[in-house]
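A.B. asks: 3D, please:
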Amino acid sequence: MLSKFKSKKHHILGQLHKPDTEYQDLSPKGSVDSEIRELVQQLNDLPGFVTTSSCAGRVAVYLEGAGKASANPTPGGASSADAGYSATVPKGGKGGGRWLFNSHTPVKLDDFSEAGSIYAKLGFVDNTEISFPPPDAAVRFVHLKFEPMILHILTQSAEHAQSLLSVAMASGFRESGISGVVDSKGHHTTPMLAVRSSGLSVDCIIGFQAAVGDNVPGTQQIQPMVSEDYLRTLLQVANERFRQNTERKERFRVGVSNDFAGSIAPGGDHRSDYRRRGGFQTAAGLKAQKRAEDMEKRDAALRRRAEKLQVGGALDGTPGNVDELREQVDDGDETADLGLDMLIRSDGGTP
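C.D. replies: Below you'll find the model as predicted:
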């Protein structure tokens, strides 16, 4: 019988392996971004991990959902379709909001040289006059967002989650974290790792939708609050964030390749390389192991040097006996520590 984690992974991979014409998820796009498919496949090939949601990074324009006080708001201002971009998205956003523009690749600003073309692309159809909402109006704001890569990865154990979290943090995804390590009864479960970086995020209000007249359905309009020049600048910023996001994503991909090299054996044998290394280790465990290895190298260098000297004193003012010198170093004797470093360096070792 499959374990709980393996059963979940089997189900998720079964969904991901469906043809594109049959696969549908809960994202506005409805499928895995092509810009992140390779990384998703790489993670899913590792034993102990399976991705549950992903986004390669995107620039988007979003109309807020109506608040509880609003009565049956009517969306407006759908933008026209264009090659390479998803101008209107069939699925609604949270709380009844709506995506007006969505792209997982940098925006080619040269495509929007005509006056009003950026307004039209971002959802301000036939409304190019800058205005601001009345103070007493029921308002839904329009946001231009850049959202960097995010991955949610189900893991087999806390050790698995911690090992991949270390790679994510080292790659620049500093806001990554682990949740669900134990259940409500304190039992160990399958933790979820979120790989994310909010430092690259952008969220600016660029327009609004307010009721007109007596709030008759169909009379709401989306109005810009900023100029096209300002929108062009925001899109330039978003394109630069795309570049930085791609660099971090690549560092993460390479980090996973390096840290989990050999985790998948040839021929599909999922024996993990980490088992031969004694299992996953925490950062503190790795540090202690490194210190023990350094101490062993240091002792070996001392003994080799002492054998070569074959005299009573290794250095002026220091004992010739290696064990005595080691004891003085452990007691915090700075003179002995200096002599120890000099001995090792003269032997070609590393202190």
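
A.B. asks: helix or strand with the lowest mean pLDDT in this structure?
C.D. replies: Lowest on mean pLDDT, DSSP states H and E among the helices and strands of the chain sits helix 273-276, with a mean of 40.

A.B. asks: so after it, what's the next helix or strand?
C.D. replies: helix 283-309 (DSSP states H and E).

A.B. asks: what are the buried residues along the strand or helix carrying residue 54?
C.D. replies: Per DSSP H and E, residue 54 falls inside strand 49-55. Within strand 49-55, the residues scored as buried using 16 or more other C-beta atoms under 10 Å are 49, 50, 51, 53, 54, 55. Bear in mind the C-beta positions are built from the backbone N, C-alpha and C, glycine included.

A.B. asks: okay, strands next: where are they in the stretch 151-300 of the chain?
C.D. replies: Using DSSP state E, counting those that start in this stretch, the strands found in the stretch 151-300 of the chain span residues 177-179, 192-195, 202-210, 221-224.

A.B. asks: please name whichever of the ones you listed is nearest to residue 298.
C.D. replies: With C-beta to C-beta as the measure, strand 177-179 is the member of the strands of the stretch 151-300 of the chain nearest residue 298 (35.8 Å).

A.B. asks: contacts for that closest one next, please.
C.D. replies: For strand 177-179, the surrounding residues in contact (C-beta atoms under 8 Å, 6 or more residues apart in numbering) are 158, 161, 162, 165, 191, 192, 193, 194.

A.B. asks: same thing but 6 Å
C.D. replies: Contacts to strand 177-179, defined as C-beta atoms under 6 Å, 6 or more residues apart in numbering, come from residues 161, 165, 191, 192, 193, 194.

A.B. asks: give me the buried subset of those residues.
C.D. replies: Neighbour-count burial (16+ other C-beta under 10 Å) is assigned, among these, to 161, 165, 191, 192, 193, 194.

A.B. asks: so what's residue 38 closest to, chain neighbours aside?
C.D. replies: residue 253 (7.4 Å; C-beta to C-beta, 6 or more residues apart in numbering).

A.B. asks: my read is that the one you found contacts residue 39, right?
C.D. replies: Yes: the criterion here is C-beta atoms under 6 Å, and residue 253 meets it with residue 39 at 5.3 Å.

A.B. asks: neighbour count winner among these two?
C.D. replies: residue 39 (21 against 17; other C-beta atoms under 10 Å).

A.B. asks: what's the mean pLDDT across the strand holding residue 54?
C.D. replies: Averaged over strand 49-55, pLDDT sits at 94.

A.B. asks: packing partners for the lengthiest helix in the chain?
C.D. replies: As assigned by DSSP state H, the longest helix anywhere in the chain is helix 228-259. Judged by 3 or more C-beta pairs under 6 Å, 6 or more residues apart in numbering; DSSP states H and E, the packing partners of helix 228-259 are strand 139-147, helix 158-170.
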